[in-house]
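Engineer: Everything below, folded, please.
(2 chains)
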Amino acid sequence: MNKLELQKTANEVRKGIVTAVHGAKAGHPGGSLSAADIFTYLYFEEMNIDPKNPKKADRDRFVLSKGHTAPGLYSALAHRGYFPVEDLATLRHLGSYLQGHPCMQETPGVDMSSGSLGQGISAAVGMALAAKMDNKDYRVYTLLGDGEIQEGQVWEASMFAGHRKLDNLVVIVDNNGLQIDGKIEDVCSPYPIDKKFEAFNFHVINIDGNDFDQIDAAFKEARATKGMPTAIICKTVKGKGVSYMENNAGWHGKAPNDEEYAVAMADLEKIGQELGGAN
Amino acid sequence: MADVKKIATRESYGNALAECGADFPNLVVLDADLAGATKTGVFKKAFPERHIDCGIAECNMTGIAAGLATCGKIPFISSFAMFAAGRNFEQVRNSIGYPHLNVKIGATHAGITVGEDGATHQCNEDVALMRTIPGMTVIVPSDDVEAKAAVRAAIEYNGPVYLRFGRAAVPVINDRPDYRFEIGKGVLLREGSDVTIVASGITVANALEAAELLAADGISAEVINIHTIKPLDEDIITASAGKTGRVVTVEEHSVIGGLGSAVCDCLSAKCPTKVLKIGMQDVFGESGSAGALVEKYGLDGKGIYASVKGFVK
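Structural biologist: Residues are numbered from 1 along each chain as shown, chains lettered A, B, ... in the order given. Below you'll find the predicted structure:
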């Protein structure tokens, strides 16, 4: 996909996020929207995957370590063809295969159950290790929140990945700057994030995580990096694309009501038109 | 029982892994800087490329094992029970239990027979924790023969299994040609009519000793070895309870949540029976030799004998 196609797709993914969370009357729109461009790039450009064969043996793997942003992952998977986009509205409903947090046994395309913060990265490290042990060339991606990296297990996993020189692993940090209780630097600052990963023997790339040129360059650089894992620290806007949600911690884990939903969809519709309409 | 061969079940664990390594190429073993103590070092020596030392980071080790399992490996994670089940509980629950991944947890140094290290390292709560996780199989082998058989059975079974091993050498009691291990199947070791003693792990040998002492007093004790605490063999327990009318459980574990509780859960629903639970009575352990601790907390043959005798009186 070219940049414009990626932008248009990401905008559709964002509509899916808002629709899913509105349908659920609960969920986490802020961090799903901030990472929508990353989800889109991974599933439409970067990863070797097949929606018709979600368990293909040598596929690339993705672990959503910040599992509460499942709406972002589900919307990307739906738009990529793993399951019908209409089903996004069943998110969190009793009996739905779209659980509040990712469940690998329920949802096609979900490579690992996650949601308890700090655990997904370890599973991703295990997958990357398995590829190395089996001399396979599949790659493993995991997305973490900037609040999530307050969890100690993240650094246990990072130490191991650096020690084992897992260059088939890409750790992506969605640095939208906000967690439930407020700004991450006010709650318990994880900064400097880049220097921490460097100290754990990662190749580190800092980018604007809502800019597809920079996202594209970063993932290409990660692919070319040998002998160490890569961390891509993505500066993003929480709630990106929905006017009243942007940079507002209050929209971390809250669903829009009907009126707010209409405003959100109008915001995204406008962005879509500015991009020149549908793909 | 001075002439009986004694082996610690952690030794059996390491040896069984090494013996199974060639038969199961997907078998991988993870440790957290305790390969010497958990005896996975034996496997490491035989299959160095399939032994992964994660350093002192049990929670990460658990997640790595989960990731390996999604890629077709059969990982065993090894640590002391205190960390494998205690520190790790939520990782085991969410990263292994919830996705029902094919990870085996080889927990050594369980219970008070850890000995001198004292209460911080004597885990008497692991069975209680693990049996609450849906889909988790919980196995507590009684000796070397059973421990080795349990490791192989766990490998052949597809799903999460918690295996509990001890530090101290214990008598080999299952070395007989007709011994067969089946997950979820209790073993009737001695028939009796006055009382049923249900034991697990290293207390099984002591329960047999107690039964001998009871016999000398004219009390006929039936002894059942429950090596699989979950799923529990309810048939063997209810059949025996129906016959004797009195049940005693013996475990090197808290009486809250372990074998005793599992047996009571079963009997209260299917065969209401008076039960005496022998084990750690809601207390922490302490430093001392394994033998001295087992005696102090009433888990040796004489202690079990005295408790059972008081119960059936």
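Engineer: Let me know the pLDDT of B:Ser307.
Structural biologist: Looking at B:Ser307, its pLDDT reads 98.
Engineer: Am I right that it falls within a helix?
Structural biologist: Yes: in this structure, B:Ser307 lies within a helix as judged by DSSP: H, G, I helix; E, B strand; the rest coil.
Engineer: Alpha carbons of the helix or strand where B:Val198 lies, as CSV, please.
Structural biologist: Here B:Val198, judged by DSSP states H and E, is contained in strand B:195-199. Provided in CSV are the C-alpha atoms of strand B:195-199 (Å, rounded to 0.1, in the frame of the first residue of the first chain):
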residue,chain,number,x,y,z
VAL,B,195,-10.4,-46.0,58.1
THR,B,196,-9.3,-44.6,54.7
ILE,B,197,-6.0,-42.7,54.5
VAL,B,198,-5.8,-40.6,51.4
ALA,B,199,-2.2,-39.3,50.9
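Engineer: Contacts for it next, please.
Structural biologist: Outside strand B:195-199, the residues that touch it by CB atoms under 8 Å, 6 or more residues apart in numbering or on different chains are B:142, B:186, B:206-207, B:210-211, B:214, B:219-226, B:237, B:240-241, B:243-244, B:246-251, B:259, B:263, B:304, B:308, B:311-312. C-beta here means a position set from N, CA and C on the backbone, and glycine is covered the same way.
Engineer: and the particular helix or strand that has A:Pro71 in it, what's its mean pLDDT?
Structural biologist: Secondary structure assignment for A:Pro71, by DSSP H and E: helix A:70-80. Helix A:70-80 shows a mean pLDDT of 98.
Engineer: Stretch B:81-96 now?
Structural biologist: 98.
Engineer: what's in contact with it?
Structural biologist: Against stretch B:81-96 from outside (CB under 8 Å, 6+ apart): A:113, A:115-116, A:119, A:122-123, A:153, B:32, B:58-59, B:62-63, B:65-66, B:69, B:77-79, B:101, B:103, B:105-111, B:120-123, B:125-126, B:129-130, B:133, B:136, B:160, B:162, B:164.
Engineer: what's the spacing between the residue of the stretch 101-250 of chain B found nearest chain A and A:Tyr41?
Structural biologist: When scored by CB to the nearest CB, the stretch 101-250 of chain B has B:Leu101 as its residue closest to chain A, at 8.7 Å. The gap separating B:Leu101 from A:Tyr41 is 28 Å, by CB to CB, to the nearest Å.
Engineer: Check the burial of the closest residue to A:His28 other than its chain neighbours by counting its neighbours.
Structural biologist: Spatially, and ignoring its direct neighbours in sequence, A:His28 is nearest to A:His68 (4.4 Å; CB to CB, 6 or more residues apart in numbering or on different chains). By the criterion of other CB atoms under 10 Å in any protein chain shown, A:His68 has 24 neighbours.
Engineer: before we move on, what about B:Ala18?
Structural biologist: Neighbours of B:Ala18 using other CB under 10 Å come to 19.
Engineer: pretty sure it is touching B:Arg50, no?
Structural biologist: No: counting by CB atoms under 8 Å, no contact exists between B:Ala18 and B:Arg50, whose distance comes to 10.7 Å.
Engineer: And the helices in chain B, which stretches?
Structural biologist: Along chain B, counting by DSSP state H, helices occupy B:9-21, B:35-38, B:41-46, B:58-70, B:81, B:89-91, B:126-131, B:144-156, B:203-216, B:234-244, B:259-270, B:290-296, B:301-312.
Engineer: Buried residues in the longest one, which are they?
Structural biologist: Using 16 or more other CB atoms under 10 Å in any protein chain shown as the test for burial, helix B:203-216 gives B:Thr203, B:Val204, B:Ala205, B:Asn206, B:Ala207, B:Leu208, B:Glu209, B:Ala210, B:Ala211, B:Leu213, B:Leu214.
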